[in-house]
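**Q** Next comes the sequence, and after it the predicted model I'd like to discuss.
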Amino acid sequence: MIVSATRPYFCPYPGFFYKAHLSDVVVILDDVQFPRGTTWITRNRFKNDQGTLWMTVPVWKKGLGVRQINEVRICYEGRWPRKHLASLRCAYAGAPFVGDHLGFIEEIFSARFERLIDLNLAIVRHLMKALQIETSMVQLSHFGVKARGAELLIEICKATNASTFLVQRQTEKFLSADLFQNNGIELRSFTYNPPVYPQLWGEFIPNLSTLDLVLNCGPRARRMMLRTQPFVA
């Protein structure tokens, strides 16, 4: 049983789904502290005629102190959902497969999700389906685990009966393989190579939101994502 863990990012980049593809179970770290500064949990990059298009989901922060990710509420003041939808419609009007996903995009930005995590996971599930990834996705809060750091990862492995914990190679240096080995768990790493695929609007930009990949490549998106197989240690 190969398990990995990740935060619930907003419209994640393809590496998020690449790791999911290599896992049997992905644990969503919803019951950990929400970052105080800029975070990919609330924003991501797309592409338009100007190049990189940033989109951010506003959340309530002032006076709320430290919160867990699953406690963060979306702020609907202003007209940002309408503006985001208009920006995506304009940016991807010429994308070959926009018609396959436009209904979902319109639904996402017209619905009023109370919690940020519910919005993010709805998008993740849609993209997993588009990429034909059937990996199980479970939220950390379902286990009631309250450890921190590497100990949290060990507890996740125990809760899921994992024999292997999967991390991206950049993360491996921050973890102790001995700690995992002492708990009967193999620490395995992989190298992610961003796919190069047809994009609108000129020069290719890597590591945009996976939505860019799916809108441009449709059924080929999965093959594009898996084109460069990772080295798994």
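**A** The structure has been received and is ready for your questions.
**Q** So what's the residue count around F174?
**A** 9 (other C-beta atoms under 10 Å). Every residue, glycine included, has its C-beta placed from N, CA and C.
**Q** Next up, the contacts around it.
**A** By C-beta atoms under 8 Å, 6 or more residues apart in numbering, no residues touch F174.
**Q** Shouldn't it be within a strand?
**A** No. Counting by DSSP: H, G, I helix; E, B strand; the rest coil, F174 falls outside a strand, being coil.
**Q** Report pLDDT for it.
**A** The confidence metric pLDDT takes the value 90 at F174.
**Q** try P230
**A** For P230, the predicted pLDDT is 48.
**Q** Could you check how far the residue of the chain positioned farthest from its centre is from C11?
**A** Centroid-distance maximum for the chain: N182 at 30.1 Å, with C-alpha atoms, centre = their mean. Taking C-beta to C-beta, to the nearest Å as the measure, N182 and C11 are separated by 38 Å.
**Q** follow-up on the earlier one: ok, the residue farthest from the centre of the chain - contacts?
**A** For N182, no residue meets the contact criterion (C-beta under 8 Å, 6+ apart).
**Q** Grab the nearest non-local neighbour of I205.
**A** K47 (5.8 Å; C-beta to C-beta, 6 or more residues apart in numbering).
**Q** can you tell me the helix or strand for the one you found?
**A** For K47, the element it lies in under DSSP states H and E is strand 43-48.
**Q** R45 against T52, yeah?
**A** Yes. Judged on C-beta atoms under 8 Å, R45 makes contact with T52 at a distance of 5.3 Å.
**Q** Report the set of residues contacting both of those two.
**A** Residues touching both R45 and T52 (C-beta under 8 Å, 6+ apart): I205, L208.
**Q** For these two, indicate the residue with more neighbours.
**A** Between R45 and T52, counted using other C-beta under 10 Å, the more crowded position is R45 (17 against 11).
**Q** Run through the neighbouring helices and strands of the helix or strand of the chain with the lowest mean pLDDT.
**A** For the chain, counting by mean pLDDT, DSSP states H and E, helix 169-172 ranks last in confidence among helices and strands (a mean of 91). Identification of packing neighbours for helix 169-172 by 3 or more C-beta pairs under 8 Å, 6 or more residues apart in numbering; DSSP states H and E yields strand 186-190.
**Q** CA-only coordinates of the strand it packs on, as CSV, when you get a sec.
**A** What follows is strand 186-190 as a C-alpha-only set of coordinates in CSV (Å, rounded to 0.1, in the frame of the first residue of the first chain):
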residue,chain,number,x,y,z
GLU,A,186,9.5,2.4,3.4
LEU,A,187,10.2,6.0,2.5
ARG,A,188,10.1,6.3,-1.3
SER,A,189,10.8,9.3,-3.5
PHE,A,190,10.1,10.3,-7.1
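**Q** and that strand, what does it pack onto?
**A** strand 164-168, helix 169-172, helix 177-182.
**Q** what's the following helix or strand after that strand?
**A** Downstream of strand 186-190 (by DSSP H and E), the next one is helix 210-217.
**Q** helices and strands around the lengthiest helix in the chain, which ones?
**A** The longest helix of the chain (DSSP state H) is helix 116-130. Contacts defined by 3+ C-beta pairs under 8 Å, 6+ apart place helix 116-130 against helix 14-22, helix 98-110, strand 136-139, helix 210-217.
**Q** residues of the first one that come out buried?
**A** I take that to be helix 14-22. P14, G15, F16, F17, Y18, K19, A20, H21, L22 (16 or more other C-beta atoms under 10 Å).
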